[in-house]
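**Q** sequence-free structure coming up:
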């Protein structure tokens, strides 16, 4: 998918609890364009698929857990800093 996003589409992607497989695609494009991970071997894409099937899984957003597309929470964030 190589379509450009308008401001309303972008806002929709930033709304918590949004289910749409375009959301991880847009996020992955943003990460790729940022150059943060120069050669990640599509790790973030594979993680999004493995954890939530690009948000098509019912476990993407569930009560009392805010892991989102990649199912990363505060504990994961703390571990990644070390």
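**A** Looks like it came in fine. Note that this is a predicted model, so its numbers are computed, not measured.

**Q** can we go C-alpha only for contacts and neighbour counts from here?
**A** OK.

**Q** Okay, now the unreliable bits of this protein?
**A** 1-19, 82 (pLDDT under 70).

**Q** Looking at it, which helix is longest?
**A** helix 22-34 (DSSP state H).

**Q** So which bits of that helix are buried?
**A** If you call a residue buried by 16 or more other CA atoms under 10 Å, then helix 22-34 has these buried ones: 23-28, 32.

**Q** Check which helices and strands that helix is in contact with.
**A** helix 43-52 (3 or more CA pairs under 8 Å, 6 or more residues apart in numbering; DSSP states H and E).

**Q** so how far is whichever helix or strand comes after the helix it packs on off the chain centroid?
**A** In the C-terminal direction, the helix or strand that comes right after helix 43-52 (DSSP states H and E) is helix 74-80. Distance of helix 74-80 from its chain centroid, counting by CA atoms, centre = their mean, to the nearest Å, is 16 Å.

**Q** And for stretch 38-57?
**A** Using CA atoms, centre = their mean, the mean C-alpha position of stretch 38-57 is found 8 Å from that of the whole chain.

**Q** circling back to that earlier point, residues contacting the longest helix of the chain, please?
**A** Residues outside helix 22-34 that contact it (CA atoms under 8 Å, 6 or more residues apart in numbering) are 1, 13, 37-38, 44-45, 48, 54-55, 69.
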